[in-house]
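[1] structure, please.
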Amino acid sequence: MRDRSSQLKAVKCVLVLIFLLLFASGAFGQLTANPSTINFGNVPLRTGATQSVAIANSGGQSLNLSLAGITGTGFSLSGLASPVILSPGQSLNVTVAFSPQSAGTATGSISLTYNGAFRHHDRRTNNASVLTVSLSGTGTSSGFVVASPGSVSFGSLLVGNSQTQAVSLTNSGGTSVTVSQATTQGSGFSVSGLTLPVTLPAGWSTSFSVTFAPQAAGTANGNIAFASNASNSTLNLPLSGSGMAPSSLSPIPAGLNFGNVQTGNNQTLTGTVTNSGGSSVTVTQAAVTGSGFTVNGLNLPLTLAPGQSSPNFNVVFAPQSAGAASGTLSLTSNASNPTLNIPLSGTGVTGGVLAANPSSLNFGNVQTGNNQTLAGTVTNSGGSSVTITQAAVTGSGFTVNGLNLPLTLAPGHSSPSFNVVFAPQSTGASSGYFSLTSNALNPTLNISFSGTGVAPGTLSANPASLGFGNVQVSNNQTLSETVTNVGGSSVTISQDTITGTAFSVTGLNPPVTLTSGQSITFSVTFAPSSAGSSSGNFAVASNASDSSLNIPLSGTGTAAGQFAVTPASLAFGNVVVATSANLPAQLSASGASVTVTSANLSSSEFTLSGLSFPVTIPAGNNVQFTVAFTPQATGVASGTVSFASNASNSVVLSLSGTGTPTPIHSVSLSWTASTSSDVVGYNIYRGASSAGPYSKINSSLNAGTNYTDNSVVDGQTYYYVSTAVNSNNQESAYSSPPQQTVIPAP
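    Model prediction:
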């Protein structure tokens, strides 16, 4: 404990110092600080507090502030860069900060060294002076929240899986802290086991769990923000992790389609599988199903890292028969899709086969100097494509166009039409073929050609001319004419022309085409309208080598003749009905020949015979004929015969007669009675011959020796016999000789 004398000495020293300062300020430079003492009070740990101090020159001369220093733990000075000159009355502000690092009271000071003050009594310069500003403050320990660990990293996780880590919150401060809220951000992150609000006394901790369950592949970042009343009121806990896709096998391509493969051949396709997931995959087994499919180049077991693809493997399709085939390449692994099925498909087809349509080409007859074109196609009738690579033509006069090679034909498809041309340069038969080379089962297809070069068509007339001779005026005569193509190629008759007014043609209607050797027959008629000679011509126009064929025509018209019938009438008198009577007559011609073409009878009871129409009667001659009268009923009958002819006159023969009834005949028979006493009657028999046979004509036994036969026919001859019949119905032999009777004709 200090004594009072020492305190009084200290007071006296202070008073002296104040006096000296007051004295110096009036005449010398003087440094002052405001405030001259700084107390920061209570400041929480790991925080800071600042205060401003005004440094001023309160004297009458300039001061040179050459050095500034600070002492004391947790204190710092800023805003003063020495040396600095302060003019009289000039001031500057500096900042003092207190940041306690531990709890408890802390003291310190600021020392400001300056010079420029003078003693008043001797004007000598003092040594450098020091202005000291006392500093004090107390570090207080408040609540402070820390997380352990300070960040949470989950690394890589498969999507669909999760991982949980433990985290603790600790109050490392000196006062209790209440955590009131925790906000979680970031996809896939969640918090459990933390019930808020929670109060943590100084030094206490609480634990909870943070879980990461990635929903998709890729990096994920998050954060948990804790709100509290600690000095660090917001605490952030960074979160991180990454999602990995599950391991998964995927094929490239997804399936293998071999299309059409010819039976007996094979085709190979390549494929790979890729691990499209986030973890390694091991393929342990491969199996192939389906007829004709095999696999090679896949060495198992095979491990694929994420994103890695397998080496190419080969699938071979070797069909043994035609038809569609399907199968599966099945890969077994530990991927999320443990069985990967790669579909396989293909079709076995028979080899391509070429067929020609038509199979051969026959051009027939082609005129030399001309040409003819026929079209053809080829069809692939097999089961696989065929490529035609070459075509060759043999045979004189044959060429081919319209087939562009190489040409590939799918199964069942036909080529475009191609043209084969035959242009013979000489007469005679020609043959050749069109040879197609391809990769078909029939690698060489020959299409045969044939044709005949022929000379141009030529028309010939037979006869070469037509002479009709004498033809009576108003009559006509027709002659046949034949035109034949005697050349080697077809001829078309395009027109016919006839001259001469008395001539006409029938049976030829152009256009008419005649092949080689073919003929056409037609008629030419001469019909003179007046007496005298006539001539004309029949011209046939065609495309034959003789383009116009002329057939001369000639004939003479003569005057018409006269004809007569003798007698001019025929009278038949009485004729029994249904019987006939005949009378002769004749036709005669004079002046010129007369042709009688027909005869017309007006009554059916009269008929004409002895003439065959048409009949020609030379001048001065005659022809005989007969007319018959056959009455159909009793009474007078009449009629006429009209003759048609080319004579200048007409002739009619008159006919007459009378029909009389038919007479009725019977035969009366009688015979000598039998001498036998027991005869009771007779039977009468009739026959057409004396030798029989005979037929009984009486219907009952005739008692007498007389009998009349009323059933005879006119003009017939009969023979009769009789028999005797006794009471025992016994009949005698025929009477002899037979009795003959002739029935007159009507």
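
[2] neighbours around the nearest residue to Gly143 once chain neighbours are set aside, how many?
    Spatially, and ignoring its direct neighbours in sequence, Gly143 is nearest to Val177 (3.4 Å; Cβ to Cβ, 6 or more residues apart in numbering). Backbone N, C-alpha and C define where each C-beta goes, glycine included. Using other Cβ atoms under 10 Å, the number of residues around Val177 comes to 26.

[3] report pLDDT for Val177.
    Looking at Val177, its pLDDT is 93.

[4] do I have it right that it meets Val145?
    Yes - using Cβ atoms under 8 Å, Val177 is in contact with Val145, at 5.6 Å.

[5] any common contacting residues for the two?
    The contact sets of Val177 and Val145 overlap at 171, 200, 228, 230 (Cβ atoms under 8 Å, 6 or more residues apart in numbering).

[6] and for the third one, the neighbour number?
    Spelled out, it's Ser228. Ser228, neighbours per other Cβ under 10 Å, totals 25.

[7] now the second one
    Other residues within reach of Leu200, judged by other Cβ under 10 Å, total 21.

[8] measure the closest residue to it other than its chain neighbours to Asn229 for me?
    The shortest distance from Leu200 to any non-neighbouring residue, by Cβ to Cβ, 6+ apart, is to Asn171 (3.9 Å). Distance, Asn171 to Asn229, using Cβ to Cβ, to the nearest Å: 11 Å.

[9] more neighbours, those two?
    Neighbour totals were compared for Asn171 and Asn229, and Asn171 leads with 25 against 16 (other Cβ under 10 Å).

[10] if we can go back for a sec, by pLDDT, give me the weakest of the shared contacts of Val177 and Val145.
    Minimum confidence in the shared contacts of Val177 and Val145 sits at Ala230, scoring 87.

[11] right, and that one touches Gly173 too?
    Yes - between Ala230 and Gly173 there is a contact under Cβ under 8 Å: 6.4 Å.

[12] joint contacts of those two?
    142-145.

[13] okay, now the unreliable bits of this structure?
    Under the criterion pLDDT under 70, the flagged ranges of the chain are 1-28, 45-46, 116-127, 746.

[14] list the buried residues for stretch 221-234?
    Neighbour counts over stretch 221-234 (16 or more other Cβ atoms under 10 Å) mark 222, 224, 226-232 as buried.

[15] centre of the chain to it, how far?
    Distance of stretch 221-234 from its chain centroid, counting by Cα atoms, centre = their mean, to the nearest Å, is 72 Å.

[16] dump that stretch to PDB, restricted to CA.
    Taking Å, rounded to 0.1, in the frame of the first residue of the first chain, the C-alpha atoms of stretch 221-234 are listed here in PDB:
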ATOM      1  CA  ASN A 221     -23.500 -30.100 -54.900                       C
ATOM      2  CA  GLY A 222     -25.500 -29.000 -51.900                       C
ATOM      3  CA  ASN A 223     -25.400 -27.200 -48.600                       C
ATOM      4  CA  ILE A 224     -26.900 -27.200 -45.100                       C
ATOM      5  CA  ALA A 225     -27.400 -23.700 -43.700                       C
ATOM      6  CA  PHE A 226     -27.700 -23.700 -39.900                       C
ATOM      7  CA  ALA A 227     -29.300 -20.600 -38.300                       C
ATOM      8  CA  SER A 228     -28.500 -19.900 -34.600                       C
ATOM      9  CA  ASN A 229     -28.000 -17.100 -32.000                       C
ATOM     10  CA  ALA A 230     -24.200 -17.900 -31.900                       C
ATOM     11  CA  SER A 231     -21.700 -15.300 -32.800                       C
ATOM     12  CA  ASN A 232     -21.600 -17.000 -36.200                       C
ATOM     13  CA  SER A 233     -25.300 -16.800 -36.700                       C
ATOM     14  CA  THR A 234     -25.200 -18.700 -40.000                       C
END
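
[17] got a list of contacts for that stretch?
    Residues contacting stretch 221-234 (Cβ under 8 Å, 6+ apart): 44-47, 142-145, 147, 169, 171, 173, 177-189, 191, 210, 235-240.

[18] surely Asn462 meets Thr484?
    Yes - when contacts are counted by Cβ under 8 Å, Asn462 is listed as touching Thr484 (6.7 Å).
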